[in-house]
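Asks: Dropping a prediction and its sequence here:
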2 protein chains.
Amino acid sequence: MSTSVASRSLSYVADVEHDIRVPVTEISLDDSPGGEPNAPVQVYRTAGAGSDPLVGLPRLRAEWIEARGDTESYAGRERTLLDDGRAAVRRGSASEEWLGERPVPRRGREGRRVTQMHYARRGLITPEMRFVALREGCDVELVRSEIAAGRAILPNNINHPESEPMIIGKAFLVKINANIGNSAVTSSIAEEVDKLQWATQWGADTVMDLSTGDDIHTTREWIIRNSPVPIGTVPIYQALEKVDGQAHKLTWEIFRDTVIEQCEQGVDYMTIHAGVLLRYVPLTADRVTGIVSRGGSIMAGWCLAHHQENFLYTHFDELCEIFARYDVAFSLGDGLRPGSVADANDAAQFAELDTLAELTARAWEYDVQVMVEGPGHVPFHLVRENVERQQELCKGAPFYTLGPLVTDVAPGYDHITSAIGATEIARYGTAMLCYVTPKEHLGLPNKDDVKTGVITYKIAAHAADLAKGHPGAQERDDALSKARFEFRWRDQFALSLDPDTAEAFHDETLPAEPAKTAHFCSMCGPKFCSMRISQDIRKEFGSAADQTTIAAREGMQEKSREFRATGAQVYLPTPAVR
Amino acid sequence: MSTSVASRSLSYVADVEHDIRVPVTEISLDDSPGGEPNAPVQVYRTAGAGSDPLVGLPRLRAEWIEARGDTESYAGRERTLLDDGRAAVRRGSASEEWLGERPVPRRGREGRRVTQMHYARRGLITPEMRFVALREGCDVELVRSEIAAGRAILPNNINHPESEPMIIGKAFLVKINANIGNSAVTSSIAEEVDKLQWATQWGADTVMDLSTGDDIHTTREWIIRNSPVPIGTVPIYQALEKVDGQAHKLTWEIFRDTVIEQCEQGVDYMTIHAGVLLRYVPLTADRVTGIVSRGGSIMAGWCLAHHQENFLYTHFDELCEIFARYDVAFSLGDGLRPGSVADANDAAQFAELDTLAELTARAWEYDVQVMVEGPGHVPFHLVRENVERQQELCKGAPFYTLGPLVTDVAPGYDHITSAIGATEIARYGTAMLCYVTPKEHLGLPNKDDVKTGVITYKIAAHAADLAKGHPGAQERDDALSKARFEFRWRDQFALSLDPDTAEAFHDETLPAEPAKTAHFCSMCGPKFCSMRISQDIRKEFGSAADQTTIAAREGMQEKSREFRATGAQVYLPTPAVR
């Protein structure tokens, strides 16, 4: 373990009155030179308390859900081998069955809406809301009112009681999502569970399982049972597997069955491409990159094959009824998002957004929570329009965007091209950012890519929090900068988003342990250090807080004499390293 | 060599009338499926034509300079061993002497100003300006007038005739600078020359040699003789070496001698921290991170030790006279730039900027070219103010910024935190961006870090060009996106900022050669590809350019029949990879 990680520990913030404890990561700090202590810094923790992948997590929320008395357990839909794809049918089983406990599914009693939005609109404060308020360090009434207004969602399926409540909305910290999942060309359940834990360790607020290969159902079971964060999916991917990858064979019945399957497993939010309307499809024909959303192209293909309106649109009310019984949130998919800067903010994209706004309002009639997905590829100067238009049309429903990438010319670096757009779009109100990894457009992310994607998006989200002036957001920056200025290297590492990398990079140049307490760094060496000089200036002048510039000027002549009398040393006198 | 790099070649754009040829990189492309050819794409090239490090580059501009008849060659300052530091004095020589040709220094004849600004103000069009106009694809009169007005600089010392003319100004493509150079704790001349060539290969428009260790003079000689791009330095670093690292021992005479030494070698622009005034120093005492600029802290230390005004400020006119005789450009250093988001846009920073504006006007009186340096660490919402304030105060003199970093919490990823700020600041008119590598704050960049820094900053600069609507900037994006949409993998790699990485990432998932011509990619596999579906849609509808949405809807029923009649295949029928 690196020296810096040793000073990070799991701690809790508690609401004793309501018996709620929220895990946080506490970073303990060394004293400043001179001996003043530095208070520990507590940071938002997404990793939960940790789980054994074979067993899963404890059911944190089970009691809260049962105590409300509006849900029932029931037998649930019968599982079929096809839930795990055609390979499982051939084999007679999934590759690695989930052997941990498989909870009995629950749903809202007939006619009951068991969503956080429903409670919020009735003025009820749920334990989930209290948990979130503690976690965000805000008043619980803000949580309730934002959920009631539809400006925030608390996506926690009642069948995923392992999840720790979190909130997505522009009044709160900007969140990030990490995508994992297998595909037809690569696959392993253990790898995906490992990626889940890895992603949440580094800060993913939600995780989407976008599997499109074998063992979809079973992979998801492993993931949900082990996930302390909400899990999202795109159910059309699994539905398509069930019809052998032939989009035109999809039916509402197959889709509905897949949605029920996933509601019972505990998926917290689902991407539904209900805005890809038949009449919008031709609008994409002239684009440089047509339709790049997988879900969007599946539905466009279906619409063309049948010359019928998108069944997700025509059956949207039924979906709302289902989601209301499990508290699954909509993530309204932007199936017509631009796949190149040339296609940004075009007629197809904005036509679909109009429909997503209509569907948002419809879902709210059922008290179902909604967020709206956004692009994609958008040049920097057109980014802001996306979020402002979405916020206006969708009456403040949380925006959840993929990047956007601000140029197309850097495959291999699209975590960066997209983090630039992500910071801009979050600054103006996007509530959650879907990460992009360095492999975007080129291949499937491995574990390193997942980490790089998560850290890059933590940067974008945090930079946006700072830009929004979010209360307390700057505390970590200030603590780290103070540590840097005081050459508390270990504290600087520990306060970093990625302590391991920070420490490893430092050690590449100056690996010796004493270098971590040295009052200089490898950039300048011991005799030539600007931070050191600044500290000498402060010693000479003390704090300027209580003196005006003019007073300082008057005192300068004397200071100068003192300074020279003591040897006029602004550098460490002896080179300790050569 | 990767398959994609093979399709990139050195080519030239020529102005036959004036006998000027500008090297460009030409990317040849495959035909589209269906056989329509794709025109090759020519991109801006910073790598020059290549050189043997032992010999150096040919003197492209020597004739142009001599032809003007306003300069003279002369014996030059006598070199001393101390120019290479105290280790060289002890040893009696530098570590690796430059054995290539050492040109006889030139300077402007007595009383002559030989700067591009001087010529521009007289209405003269120089070959350097024509070269730049060809390179930027703009009218030469725009080049001349922007230089004349001080809104752009063409930094090419007459003693660096090897350099290819380039321009820095907001009317032109956004440029990037890469820092290289040794320090007290690491050192090797060959490594630094290698980094120079590496940086320009990937797209650095200028390179700063920030050496602070041994062999400063000789390292610089190797670098300049091999550099096709302008070289910048911070001469106070070398001057400090000459006084054994003791800031208070610095004198104007030692500094002046160092500047002459560097003018004669061919340094194209020099960072001069003349804005760190005595009365501004106390303004930094209350900061979280004091003074973080090395040059700034050296001058602050000197001011305090002597209680005298900064000698760079008091001798500024003499510097102007010197620079005018070699055509060295000022890069007015921001010695009081913020080193943390807490210190951004504060009194110290903006006080110094006021002085830099005064000095800009003063340099212009001598026809000396000027750019102004900027921060640093600035939260995203405060970035724009920096460039707008600088542009207003400094009457449009080019702004040259370090990032800025939009958060302090991500050491190890500061190329990313700073690229976010860099895109924002360039969008609003910053002309050149100084790269930040992943090692910022932690150590010295190695070759990989240099490449990562350069590519990251090419992204920021290009994203800003797109956002500014710079003519032609989007051509490369569109060509790459078209290649992506048509599954021309090799073209997609070749058009990338970093073809090697793009191809390597692709090959991690699907390494086989046939996968590079496959009509699918590893993200979805062969049966599930949105790009493929879009192409099918386009086939069904043709181009939408000549049809309205309504017409398309009317035709849809028939299209639907046709589509199903041909098998309703929206995916490739056979899985080719498993």
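Replies: Received, thanks.
Asks: excluding its backbone neighbours, what's nearest A:Asp84?
Replies: When the adjacent residues along the chain are set aside, A:Asp84 lies closest to A:Ala94, with 4.4 Å between them (CB to CB, 6 or more residues apart in numbering or on different chains). C-beta here means a position set from N, CA and C on the backbone, and glycine is covered the same way.
Asks: Next: A:Ser73.
Replies: With sequence-adjacent residues excluded and distances taken as CB to CB, 6+ apart, A:Ser73 is closest to A:Val104, at 4.6 Å.
Asks: rewinding a little: list the contacts of the residue nearest to A:Asp84.
Replies: Neighbour list for A:Ala94: A:Asp84, A:Ala88, A:Asp214, A:Asp215, A:His217, A:Thr218 [criterion: CB atoms under 8 Å, 6 or more residues apart in numbering or on different chains].
Asks: which element is it on?
Replies: Using DSSP states H and E, A:Ala94 falls within no helix or strand.
Asks: likewise A:Gly213?
Replies: Under the criterion of DSSP H and E, A:Gly213 resides outside all helices and strands.
Asks: So what's the residue count around it?
Replies: A:Gly213 has 21 neighbouring residues, counting by other CB atoms under 10 Å in any protein chain shown.
Asks: hmm, which two among the contacts of A:Ala94 are most spread apart?
Replies: In the contacts of A:Ala94, two members sit farther apart than any others by CB to CB. They are A:Asp214 and A:His217, at 10.1 Å.
Asks: Overlap of the contact sets of the two?
Replies: Taking CB under 8 Å, 6+ apart as the contact definition, A:Asp214 and A:His217 share the neighbouring residues A:Asp84, A:Ala94.
Asks: Next one: stretch A:336-354, is it in contact with chain B?
Replies: Yes: contact between stretch A:336-354 and chain B, assessed by CB under 8 Å from any CB of the partner chain, occurs at A:Gly339, A:Ser340, A:Val341, A:Ala342.
Asks: what's near enough to touch the third one?
Replies: Shown in contact with A:Val341 (CB under 8 Å, 6+ apart): A:His377, A:Val378, A:Pro379, A:Leu405, A:Val406, A:Thr407, A:Asp408, B:Leu466, B:Gln474, B:Asp477, B:Ser481.
Asks: quick revisit: now do the residue nearest to A:Asp84 against A:His217, distance only.
Replies: Using CB to CB, to the nearest Å, one gets 7 Å for the distance from A:Ala94 to A:His217.
Asks: out of the residues of stretch A:336-354 next to chain B, which are buried?
Replies: By the neighbour-count criterion of 16 or more other CB atoms under 10 Å in any protein chain shown, the residues of stretch A:336-354 next to chain B include these buried positions: A:Gly339, A:Ser340, A:Val341, A:Ala342.
Asks: So the residue nearest to A:Asp84 versus chain B, what's the distance?
Replies: Distance of A:Ala94 to chain B, given as CB to the nearest CB, to the nearest Å: 18 Å.
Asks: For A:Arg79, see how far away that residue is.
Replies: Counting by CB to CB, the separation of A:Ala94 from A:Arg79 is 10 Å.
Asks: for A:Lys395, same thing?
Replies: Note on A:Lys395: its distance to A:Arg79, by CB to CB, is 39 Å.
Asks: May I ask which helix or strand encompasses the residue nearest to A:Ser73?
Replies: Using DSSP H and E, A:Val104 falls within no helix or strand.
Asks: Noted, bye for now.
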